[in-house]
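J.: here's my sequence, what's the structure:
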Amino acid sequence: MYAYAATQAQAVAQGFLMKINEAILFPLITFMMAIALLVFLYGAFEYVKGATNDGDREKGRRHLLYGTIGMLVMLSAVSILYIAASTFELEQELDDATEGTYLG
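T.: Numbers count the residues shown, from 1 in each chain. Next up is the predicted model:
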């Protein structure tokens, strides 16, 4: 009886985590990664456009740095998510959620 309750509780917890991943985490991480990439590209544009002006080059360099840091933070978030999924044995569900084939 206790084994069944533990299995059922684990299934409920896995379903809850997968719904959170599918509805909130993956779209949020994707959106923030896109913003970081846009900041990086904008910084590259500013850096090249302001090649003759030291102030503009410095501003572009800062945007390049902020975009790179943002992308590294998002990569770290995805890595932590995969580590947590492997800890709780949710690898298949995580792969299904990222591919959009999870039927929960």
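
J.: rest of the way, CA atoms for contacts and neighbours
T.: Fine.

J.: for Thr52, which three-state class applies?
T.: Following DSSP: H, G, I helix; E, B strand; the rest coil, Thr52 is assigned to coil.

J.: check which helix or strand covers the residue most central in space within the chain.
T.: To find the centre residue of the chain, average its C-alpha atoms and take the closest one (C-alpha atoms, centre = their mean): that gives Ile29, at 3.3 Å. Element membership of Ile29 [criterion: DSSP states H and E] is helix 26-49.

J.: now do the next helix or strand after that helix against helix 26-49, angle only.
T.: Following the chain from helix 26-49 toward its C-terminal end, the next helix or strand by DSSP H and E is helix 54-87. Helix 54-87 and helix 26-49 are oriented at 160 degrees to each other (axes from the mean of the first three to the mean of the last three C-alpha atoms, to 10 degrees).

J.: from the chain's centroid, how far away is helix 54-87?
T.: Relative to the centre of its chain, helix 54-87 is centred 10 Å away, using C-alpha atoms, centre = their mean, to the nearest Å.

J.: okay, buried residues for it please.
T.: Neighbour-count burial for helix 54-87 flags 56-68, 70-71, 73-74, 78, 81-82, 85 (criterion: 16 or more other C-alpha atoms under 10 Å).

J.: state the mean pLDDT of that helix.
T.: Mean per-residue pLDDT for helix 54-87: 90.

J.: can you report how many residues neighbour Met18?
T.: In terms of burial, Met18 registers 21 neighbours under the definition other C-alpha atoms under 10 Å.
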